[in-house]
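[1] what would the 3D arrangement of this be:
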Amino acid sequence: MKNRGWHVIYYERKDGASPVYEFIESLSAREKAKVLNWIELLEKQGPQLPRPYADLLEDGIHELRIKITGEQIRVLYFFCYRDFIVLTHSFIKSTDKVPPAEIIKAKQCRSDFLSRYNENDLRRLLHEDLS
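    Numbering: from 1, shown residues only. Predicted coordinates for the structure are as follows:
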């Protein structure tokens, strides 16, 4: 059975702002290409993407681990509804461990997202995007 792949979604707040999208847009062309390549790798491999590329933090919150010009960039995400990966937000990691506040923020984004979208909503949106 062929894996049909994962669908990456950029979390949007209720005001329509997308923290990960805005972060990516702030990067240079070279940095942007690297981040998008890693997101594409995540989309292809999903939960099979190993360290050092990705890691499970806690309670279903994962991190995409990207190094750009000496800085440790982290994009936090979660899986939902069997086929979807939701990128919640990103930050520059400056400590050994991911700060608990960043994990809490990702959990809040997940709660908000899941309260607004069910599986049928996402499949309908995906179908519209593919049309």
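
[2] quick one, phi psi at the residue positioned nearest the centre of the chain?
    Computing the C-alpha centroid of the chain and ranking residues by C-alpha atoms, centre = their mean puts Leu87 first, at 2.2 Å. Backbone torsions for Leu87, taken as degrees, to the nearest 10, come to phi -80, psi 120.

[3] what's the pLDDT at Trp4?
    No Trp there; residue 4 is Arg. On pLDDT, Arg4 comes in at 62.

[4] what ranges does this protein have for its helices?
    Remark: helices assigned in the chain by DSSP state H are 19-25, 29-45, 100-116, 119-130.

[5] put together a markdown table for those helices, with mean neighbour count on each row.
    All C-beta atoms are positioned from the backbone trio N, CA, C, and that covers glycine. Converted to a markdown table, the helices of the chain look like this (neighbours: other C-beta atoms under 10 Å):
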| stretch | mean neighbour count |
| --- | --- |
| helix 19-25 | 17 |
| helix 29-45 | 14 |
| helix 100-116 | 15 |
| helix 119-130 | 11 |
